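Colleague: Provided below for reference: sequence and predicted model.
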Amino acid sequence: MSYISRMNAVTRALLAARDAMRLDQNNFAALLDIDVAEVQAWEAGTRNARSSALIRCARALALTVEEVLDGEIGRASVPSLFLRATEHEGKLSDLLELSPDLALFVEVARALDRLQRGALTPVPPLPVPPADARWGVDKAPYRADELATWLRSQLGITTAAIPSMRAIYERLGIGIVWARQAEMSPSVDGASLRSPRPTVLVHLVEGPACWWRTRMTLAHELCHLLCDLTDERHNLALISPASTGDAEAAPGSRAAGARTFHLFSDFAWIEQRASAFASHFLVPDHALRATLSGRDPVAEDAVTTVCTAFGVGRITAVSRIKHVFGLSEDLRLQMLRRPHEERHASTHPDLAPPRCGLRSGVLLDEVAAALAQDRIDRVEAHRVLGLALHEPLPEHPELSASQRLPLRSVGDSVRDIARVALARAGAAGLSPGEVRRGDAGWCVAIVDATGRAVREEVLSFYLDAERAKISA
């Protein structure tokens, strides 16, 4: 019998996933956070993969275990980005660094789509930019200015400043997922996808009060949705690294600032074009000239005026002044470094909502609504929110005290883990008994067939880590 016929379903599914993304053994092992020797053993036929590797793969690709087993890899968002990286000269180490955060976003976006399906009116199609503006050119500002002018016209915006980016998103039917500072790497500013429904991630890198940065992120991701997630890229999810450079500088240049991530061949250009679009959309050339007419554009009060008038941050204001008035890069840097006082308003329509977080914001809202309408049960609510069954559901105005109760005790979970560990160790006739909370972790009595305690095992308070340990 050949080894391929003796492979279990988990091993076949994992090797098919690696092949679909064109990843070598080392990068696939890095994606799953396992030793490359494990992957080598699967392919050499000396060992079958365990279910823990399947769970790791599903989580890393923002898929369900069933989807990985069924081979539904090719058109999924995160695998599609890996395939684009391998086929278009991407630096896989860069993608592997950012992919955990991207997978979290995609997982939440897919959960929102499932919860909202049937509860919302169909999402209208996004506006389609003219071909010239959509494809852009190599030279800054990459026709992003034309794209910004076109979109303002499409949306009927006649004011110099954009009153609210969040209102534009609501009008276009684009969802927003808000991530708190501690939930993602500071290297991530935002992300976007069009399938299954247009959704954008806003990482509140500087906190929820920094609404001017939120406006830039929303405008930046809007460009990706309109121009970069179409045609053959429709199934992709794109992640936007944080940047503090000149939005209209050449990609990879000193003025562009920050580290350049190379996810695929034209990724740096795509990012720089999206930043240029955001700058022009929020601060149009003609409006900026009119606002600073008769004034010294280099003066500090000119920078403050632009920040206030257009609802943008200092870096954006200075970069736009540089390009509209033809200033040098050295002067831009001098303007940024000189002493100044931030004078942004404390309230704005683009402030993040009071309740933010990947699973404690809009996703919790949708879970609460679905529970209230009996569209899901409490087990599904725990699963969607990434909670163990012994954990209570978070507080929410629409959740009653009884709905929030855990579905089982922590003792039940501890005994389940201990039971599997005993079986793995071949400890016949022994079973877990009473559980108590100790100083160093959960203490579970191990009893024989008569119910007599023969010893006590200690599990850490981090039960997910204990589960991973026994399934490794």
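Modeller: Yes, it's here.

Colleague: buried residues in stretch 260-270?
Modeller: Neighbour-count burial for stretch 260-270 flags 260-264, 267-270 (criterion: 16 or more other CB atoms under 10 Å). Any C-beta I mention is one placed from the backbone N, CA and C, and that applies to glycine too.

Colleague: for stretch 125-142, same thing?
Modeller: Buried, per 16+ other CB under 10 Å, within stretch 125-142: 126, 129, 133-134, 136, 140-142.

Colleague: in this structure, mark out all the strands, start to finish.
Modeller: For the chain, strands defined by DSSP state E occupy the ranges 175-179, 188-193, 199-203, 237-241, 431-437, 442-447, 453-459.

Colleague: one step back: looking at the buried residues of stretch 260-270, which are in helices?
Modeller: The helices, defined by DSSP state H, take in 267-270 from the buried residues of stretch 260-270.

Colleague: now render the residues you listed as a markdown table, adding pLDDT and distance to Leu104.
Modeller: Listed next are those as a markdown table, based on pLDDT from 0 to 100; distance: CB to CB, whole Å:
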| residue | pLDDT | distance to Leu104 |
| --- | --- | --- |
| Phe267 | 92 | 20 |
| Ala268 | 89 | 24 |
| Trp269 | 90 | 26 |
| Ile270 | 92 | 22 |
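
Colleague: which residues touch Ala445?
Modeller: With contact set as CB atoms under 8 Å, 6 or more residues apart in numbering, Ala445 has these partners: 432-435, 453, 455-456.

Colleague: ok, 10 Å please
Modeller: Counting by CB atoms under 10 Å, 6 or more residues apart in numbering, Ala445 makes contact with 415, 418, 431-436, 451-457.

Colleague: swap in Arg320?
Modeller: 246-248, 279-280, 282-285, 287-288, 297, 303, 306, 310, 312.

Colleague: please report how far Glu457 lies from Arg419.
Modeller: To Arg419, Glu457 is 11 Å away according to CB to CB, to the nearest Å.

Colleague: list the buried ones in stretch 394-410?
Modeller: In stretch 394-410, counting by 16+ other CB under 10 Å, buried: 394, 396, 399, 404, 406-407, 410.

Colleague: give me the contacts around it.
Modeller: Residues contacting stretch 394-410 (CB under 10 Å, 6+ apart): 355, 357, 359-360, 364-365, 367-372, 377-379, 381-382, 385, 387-393, 412-413, 415-416, 435, 437, 442, 461, 463.

Colleague: now do it, average pLDDT.
Modeller: Stretch 394-410 comes out with an average pLDDT of 92.

Colleague: what of stretch 330-344?
Modeller: 90.

Colleague: for that stretch, buried residues please.
Modeller: 332, 335-336, 344.

Colleague: between all of those, which two are separated the most?
Modeller: Maximum pairwise distance among those (CB to CB): 20.4 Å, between Arg332 and His344.

Colleague: what's the spacing between the residue nearest the centre of the chain and Glu67?
Modeller: Note on the chain: the residue nearest the mean C-alpha position is Phe105, at 3.0 Å, using CA atoms, centre = their mean. Distance of Phe105 to Glu67, given as CB to CB: 17 Å.

Colleague: thinking again about what came up before, show me which of the contacts of Arg320 is closest to Ser51.
Modeller: The closest of the contacts of Arg320, once distances to Ser51 are taken by CB to CB, is Ala247, at 46.1 Å.

Colleague: between its first and last residues, how far does stretch 309-317 reach?
Modeller: Taking CA to CA, to the nearest Å, stretch 309-317 runs 10 Å from one end to the other.

Colleague: then stretch 126-146?
Modeller: 18 Å.

Colleague: and what of stretch 171-187?
Modeller: Stretch 171-187: ends 29 Å apart by CA to CA.

Colleague: now that stretch, how far from the centre of its chain.
Modeller: 7 Å (CA atoms, centre = their mean, to the nearest Å).

Colleague: if we can go back for a sec, apart from its neighbours in sequence, what residue is nearest the residue nearest to the centre of the chain?
Modeller: Distance criterion CB to CB, 6 or more residues apart in numbering; nearest residue to Phe105, sequence neighbours excluded, is Leu201 at 4.4 Å.

Colleague: right, and that neighbour touches Trp178 too?
Modeller: Yes. Look at Leu201 against Trp178 with CB atoms under 10 Å: they come within range, at 8.1 Å.

Colleague: and these two? Which one has more around it.
Modeller: Per other CB atoms under 10 Å, whichever of Leu201 and Trp178 has more neighbours is Leu201, with 30 against 22.

Colleague: now do the same contact list for that one.
Modeller: 101-102, 104-106, 108-109, 175-179, 184, 188-193, 217, 221, 237-240, 358.

Colleague: hmm, back to that, beta-bridge partners for the residue nearest to Phe105, please?
Modeller: Val177, Ala191 (DSSP bridges).

Colleague: any weak-confidence spans in this protein?
Modeller: Counting by pLDDT under 70, the chain has low-confidence residues at 1-5, 118-121, 244-259, 471-472.

Colleague: what about His88, neighbour count?
Modeller: 12.

Colleague: related to what we said a few turns ago, would CSV of the strands of the chain with distance to Pro79 be doable?
Modeller: Below are the strands of the chain laid out as CSV (distance: least, CB to CB, whole Å):
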stretch, distance to Pro79
strand 175-179, 20
strand 188-193, 13
strand 199-203, 18
strand 237-241, 10
strand 431-437, 39
strand 442-447, 37
strand 453-459, 35
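
Colleague: out of these, the one nearest Cys57 is which?
Modeller: strand 237-241 (16.8 Å).
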